[in-house]
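S.K.: I would like the atomic coordinates for the input below:
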Amino acid sequence: MGRVTSRQPRWVYDEGDEPDPRFTLANERTFLAWVRTSLAMVAGGVALHALTTPGPHGLRTVLAVGLVVLGAVVGVGSFARWARVERAMRRHEPLPSFGLGLAMTVALVVVAVMLVVVLV
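M.R.: Have a look, this model is predicted:
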């Protein structure tokens, strides 16, 4: 079992053995890329709400709120994924599946279709 560390969150870092730093840093870079994606969704939702665009106002509002909520969900999901991958590496277990990618793809297709409806 690994040594107890003062790094947070403890429920991640107190598990198993310290992995190769390159893998931990790669996991952190992936997490930060997902955070950038979630920020872009939030910014897109805010911009869609703030800008005057053609189309039904109610649908535009639903889409803007949906983008902001999707951005928040992706942010939380990316942290959960980072933690699951880090713990798996520390325990020398297989990496978890990538469900966030499928969910994100489906959500973006729905958003794209709604944008077409709003803007056309």
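S.K.: next, count neighbours for the nearest residue to Leu63 once chain neighbours are set aside.
M.R.: Spatial nearest neighbour of Leu63, excluding adjacent residues (Cβ to Cβ, 6 or more residues apart in numbering): Met114 at 4.9 Å. For every residue, glycine as well, the C-beta is placed using N, CA and C. Here the count is done by other Cβ atoms under 10 Å, and Met114 has 17 residues near it.
S.K.: Leu67 too?
M.R.: Leu67 is flanked by 25 other residues according to other Cβ under 10 Å.
S.K.: in space, what's closest to it - neighbours in sequence excluded?
M.R.: That would be Gly45: by Cβ to Cβ, 6+ apart, it lies 3.2 Å from Leu67.
S.K.: any idea how far the helix ranked longest in the chain is from the chain center?
M.R.: Taking DSSP state H as the criterion, the chain has its longest helix at helix 57-91. Relative to its parent chain, helix 57-91 has a centroid offset of 4 Å by Cα atoms, centre = their mean, to the nearest Å.
S.K.: tell me what that helix is packed against?
M.R.: In terms of contacts (3 or more Cβ pairs under 8 Å, 6 or more residues apart in numbering; DSSP states H and E), helix 57-91 is packed against helix 10-13, helix 21-50, helix 99-119.
S.K.: Ser78: which of those is closest?
M.R.: Closest to Ser78 of the helices and strands packed on helix 57-91, according to Cβ to Cβ: helix 21-50, at 3.3 Å.
S.K.: okay, buried residues for that closest one please.
M.R.: By neighbour count on 16 or more other Cβ atoms under 10 Å, the buried set for helix 21-50 is 27, 31, 34-35, 37-38, 41-42, 44-45, 48.
S.K.: now do stretch 91-108
M.R.: Burial within stretch 91-108, assessed by neighbour count using 16+ other Cβ under 10 Å, is assigned to 100, 104, 107.
S.K.: can you pull the contacts of the most centrally placed residue in the chain?
M.R.: The C-alpha lying nearest the average C-alpha coordinate of the chain belongs to Val74 (Cα atoms, centre = their mean; 2.9 Å). Neighbouring residues of Val74 by Cβ atoms under 8 Å, 6 or more residues apart in numbering: 34, 37-38, 41, 100, 104.
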